[in-house]
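> take a look and give me a structure for this.
(2 chains, ligands or ions: 1)
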Amino acid sequence: MQTFATEAVDWPDTATRLRDQVRDLVAQHGERDPVRRANSWTKPNPAFSRKLGDAGLLGMTWPKEYGGHERSQLERYVVIEELLAAGAPVGAHWIADRQSGPLLLRLGNDRLKRRWVPAIARGEAFACIGLSEPGSGSDLASVRTSARRDGDDWIINGQKVWTTGAHISQFMIALVRSEAGSERQAGLSQFVIPMDAPGVTVKPIIDLTGAHEFNEVFFDDVRLPADALLGVEGEGWKQATAELSLERSGPERYLSSMVLFLELVRYAGTRTDPALQQLVGRLAAEAWTLRLMSASVAAKLARGEDPALEATIVKDLGNSYEQAIPQLVQAAVDFGDADAEVLRAVCFYLLQVSPSFSLRGGTREIIRGIIARGLGLR
Amino acid sequence: MSDTRRMLAEMVDPLFAGMGAAAIVERDLARLEELGLPNLLVPEAEGGFGGSWLDALTVFRLAGYHALGIDLPKLIVKRAAVADTKLSMAFARACQIAGALDAALALSIAYANERQQFGRPLGKFQAVQQSLASFACEAAAANCAAMGAAQALDRGNAEFEVAAAKLRANRAVEMGTSVAHQVHGAIGFTEEYALAPLTRRLWQWRSEFGNDAYWSARLGSKVIARGADRFWRDLSARTDHS
Ligand SMILES: Cc1cc2nc3c(=O)[nH]c(=O)nc-3n(C[C@H](O)[C@H](O)[C@H](O)COP(=O)(O)OP(=O)(O)OC[C@H]3O[C@@H](n4cnc5c(N)ncnc54)[C@H](O)[C@@H]3O)c2cc1C
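Numbers count the residues shown, from 1 in each chain, chains lettered A, B, ... in the order given. Purely as a prediction, here's the structure:
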């Protein structure tokens, strides 16, 4: 058996040029403060997103007809790994570019596509994901937010929670119960809900680092036209849980703490400490391995395969890696040193944020359950 | 996988499976010689197989998977006349570790699905599932690392990649051997059962041709000397077409 069939990744010929383009852009418009460069895919900066849009680096793989650039999936991969490795503030558009845009292109009717997709590619429209509810976390099939028909329209009522970026997004793609009395996976549908629709209320939730990234979102008789339904009525579960490989295996699953590793390398360069050398070696080997694994999944996706098990493995290993970095740095470095100031600041920030790495996008336990099923257990 | 490599795998897999851990030089080497396997990396012009490092990965990995009793990888490297034997052997051991981890994982999964306790297969218990999932992640990492090192060796300068691959494979031994034995219970702790030849060699290979401390120090000092601002550039430049 071979759990993770590895194959050579054929990196695009344009990779070097794309990397230079991204590096220039980040040098000019990115973040300087290393703390702000940590976990940068949740850091919104709408102006930076627009710069990427202007440079043709959003919606890269989408049809030109919808504002895309018809580049290859691996070219997009090169761009996003460069952005993340540099700690660029890509939080505003991240979800829209990674999943909402592709979902709309795959399942959306023409009006939805024309309204949202070109705006995402310009870096002007941002999206949020409405899955979790107060009573539905890991057990997503228990969602209760409802959609009921009223003539041709739909009326949405209920509540979503932990919604990242709801306060800066123009629309949400929500999973709701569209058939009264239905249970579990049946009777769910996806809707595209404009955040400025009457009856939508967003309330901030401040996270433990003091940041405002996620929110509660309330729906009080929100009226949507018939064509706000995304895809097929009643197929919401299948639609929402299909094709998760891209979001599980992307470079954001292992690069959230990269800036701390780089600061560790800088710090280690100022002294001769065998323990630090070994730690740097170990973390470098892991980064190299994870990059291969993540890129290998991207290459398979680009060929039209769906390496679901491999993708889930990347998320689990990657999240553990990004979580381990701050713990290992704290254990190895004396923060009393005057020149450890930057390292300490980034480390303490990441110690606080890193618990979320194995919660967001599916918890570690749920992810390992999916891996186990992929291995043929249960 | 290329067609010749697939054919190589199809030839070697049943052969190694048949010989297994009990293979001995006196009896079984002749068969390996007959097939030209010890000359895998000898150039065709010199009468060898003219294989690439990716071909070597296929053979080394399967030697590990079947815990082949003969140290064929060592023989192959010896005849290849490589510049840096330690580096090449570290690569070989990384590939063998990757193969043996996959074999131990396969045994563990099969056993968990078959062995019943409390009226159901072990594999239905979430605690067992979660351990095996973590084991699979480690096995996957070791296999990817070995593949990445093989590709780098075929491109040329592969010191970084081999160091990283051996280190990563070494680290995977810890979780792999402990979960495999835990899932198997007492049966795995017998001489007779198929797990022991795998785990005994995994422990051995972890130490050979550079342990964790050796490769992490070597890798770490290089990365530190290059400096923080070059780390990602170097990493991406290693795989991009120049
Ligand atoms: C930073 C951040 C951003 C987020 N952004 C969004 C967003 O934009 N949109 C959105 O919809 N959601 C978002 N979420 C929510 C996220 O998807 C949920 O936190 C996650 O699905 C877990 O749900 P929960 O928090 O209710 O925990 P619970 O499901 O209550 O789980 C609590 C603990 O119990 C464990 N557990 C639960 N069930 C099982 C089981 N069957 N077996 C074993 N263990 C189990 C879990 O693994 C976890 O450790 C975000 C979360 C975070 C932390």
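> which pLDDT does the model give the one residue in the stretch 101-250 of chain A that gets nearest to the ligand?
With Cβ to the nearest ligand atom, the shortest gap between the stretch 101-250 of chain A and the ligand falls at A:Gly137, namely 1.8 Å. Any C-beta I mention is one placed from the backbone N, CA and C, and that applies to glycine too. You'll see A:Gly137 listed with a pLDDT of 97.
> over to A:Thr16?
97.
> please apply the same query to A:Gly67.
98.
> ok so, going back, burial check on the residue of the stretch 101-250 of chain A closest to the ligand, number of neighbours?
15 (other Cβ atoms under 10 Å in any protein chain shown).
> and the gap between it and A:Val161?
9 Å (Cβ to Cβ, to the nearest Å).
> same check on B:Ala139?
37 Å.
> most distant residue from the centre of chain B?
For chain B, the residue at maximal distance from the C-alpha centroid (Cα atoms, centre = their mean) is B:Gly119, at 36.4 Å.
> which residue, other than its chain neighbours, is closest to the residue of chain B found nearest the ligand?
For chain B, the residue closest to the ligand is B:Gln126, as judged by Cβ to the nearest ligand atom, at 6.1 Å. Leaving aside its sequence neighbours, B:Gln126 sits nearest to A:Gly369 (Cβ to Cβ, 6 or more residues apart in numbering or on different chains; 7.2 Å).
> now for the helix ranked longest in chain A, which elements pack on it?
Taking DSSP state H as the criterion, chain A has its longest helix at helix A:274-302. Using 3 or more Cβ pairs under 8 Å, 6 or more residues apart in numbering or on different chains; DSSP states H and E as the contact criterion, the elements in contact with helix A:274-302 are helix A:73-85, helix A:245-249, helix A:258-268, helix A:308-332, helix B:126-155, helix B:159-184, helix B:212-226, helix B:228-239.
> kindly calculate the angle that the longest one makes with helix B:228-239.
Between the axes of helix B:126-155 and helix B:228-239, defined by axes from the mean of the first three to the mean of the last three Cα atoms, to 10 degrees, the angle is 80 degrees.
> what's the angle from helix B:126-155 to helix B:159-184?
160 degrees.
> off-centre distance for helix B:126-155?
10 Å (Cα atoms, centre = their mean, to the nearest Å).
> elements contacting it?
Using 3+ Cβ pairs under 8 Å, 6+ apart as the test, helix B:126-155 ends up in contact with helix A:274-302, helix A:308-332, helix A:364-374, helix B:53-65, helix B:85-114, helix B:159-184.
> and the angle from it to helix A:274-302?
90 degrees.
> for helix B:126-155, what is the average pLDDT?
For helix B:126-155, the per-residue pLDDT averages 97.
> quick one on the thing from earlier: buried set for the longest helix of chain A?
Neighbour counts over helix A:274-302 (16 or more other Cβ atoms under 10 Å in any protein chain shown) mark A:276-302 as buried.
> on that earlier part again, between B:Ala139 and A:Val161, tell me which one has more neighbours.
Higher neighbour count among B:Ala139 and A:Val161: B:Ala139, with 31 against 20, using other Cβ under 10 Å.
> residues touching the more buried one, list them.
A:3-4, B:98, B:101-102, B:104-105, B:172, B:176 (Cβ atoms under 8 Å, 6 or more residues apart in numbering or on different chains).
> what residues are up against B:Ser108?
B:132, B:135, B:179-180, B:183-184.
> buried ones among those?
B:132, B:135, B:179-180, B:183-184.
> and stretch A:132-144, how far out from the chain middle?
19 Å.
> near the ligand, which residues of chain B are found?
Contact residues (Cβ under 6 Å from any ligand atom) of chain B with the ligand: there are none.
> how is chain B divided into domains?
B:1-81, B:87-242 (automatic domain parsing).
> including distance to A:Glu179, could those domains go into a markdown table?
Formatted as a markdown table, those follow (distance: least, Cβ to Cβ, whole Å):
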| stretch | distance to A:Glu179 |
| --- | --- |
| domain B:1-81 | 47 |
| domain B:87-242 | 31 |
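> pick the most buried one from these.
domain B:87-242 (a mean of 21; mean count of other Cβ atoms under 10 Å in any protein chain shown).
> can you add pLDDT and give the contacts of B:Ala139 back as CSV?
Formatted as CSV, those follow (pLDDT from 0 to 100):
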residue, pLDDT
A:Thr3, 82
A:Phe4, 86
B:Ala98, 98
B:Leu101, 98
B:Asp102, 98
B:Ala104, 98
B:Leu105, 98
B:Ala172, 98
B:Gly176, 98
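> which pair of those spans the longest distance?
A:Phe4 and B:Ala104 (15.0 Å; Cβ to Cβ).
> list the buried residues in the helix or strand containing A:Arg106.
Element membership of A:Arg106 [criterion: DSSP states H and E] is helix A:101-107. Residues of helix A:101-107 classed as buried: A:101-105, A:107 (neighbour count, 16+ other Cβ under 10 Å).
> ok, now which ones touch the closest residue to chain B within the stretch 101-250 of chain A?
Sorted by distance to chain B under Cβ to the nearest Cβ, the residues of the stretch 101-250 of chain A start with A:Ser249, at 11.7 Å. If a contact means Cβ under 8 Å, 6+ apart, then A:Ser249 has A:293-294, A:297-298, A:307, A:310-312, A:314-315 as its contacts.
> one more: B:Phe160?
A:288, B:152, B:219, B:222, B:234, B:238 are the contacts of B:Phe160 under Cβ under 8 Å, 6+ apart.
> same check on A:Leu230?
A:103-104, A:107-108, A:112, A:173, A:189-192, A:239 are the contacts of A:Leu230 under Cβ under 8 Å, 6+ apart.
> give me the PyMOL select line for the residues you listed, limited to the buried ones.
If you want just the buried ones from these in PyMOL, going by 16+ other Cβ under 10 Å, the selection is:
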select buried, chain A and resi 103+104+107+108+112+173+189+190+191+192+239
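> ok, which pair from the contacts of A:Leu230 is furthest apart?
Most distant of these, by Cβ to Cβ, are A:Leu104 and A:Ser189, 14.9 Å apart.
> quick one: the strands in the stretch 51-200 of chain A?
A:127-130, A:146-150, A:153-161, A:171-177, A:188-194, A:200-206 (DSSP state E, counting those that start in this stretch).
> need these in JSON lines (columns: distance to A:Leu351 and mean pLDDT).
What follows is these, written out as JSON lines (distance: least, Cβ to Cβ, whole Å; pLDDT from 0 to 100):
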{"stretch": "strand A:127-130", "distance to A:Leu351": "26", "mean pLDDT": "98"}
{"stretch": "strand A:146-150", "distance to A:Leu351": "40", "mean pLDDT": "98"}
{"stretch": "strand A:153-161", "distance to A:Leu351": "25", "mean pLDDT": "98"}
{"stretch": "strand A:171-177", "distance to A:Leu351": "31", "mean pLDDT": "98"}
{"stretch": "strand A:188-194", "distance to A:Leu351": "36", "mean pLDDT": "98"}
{"stretch": "strand A:200-206", "distance to A:Leu351": "18", "mean pLDDT": "98"}
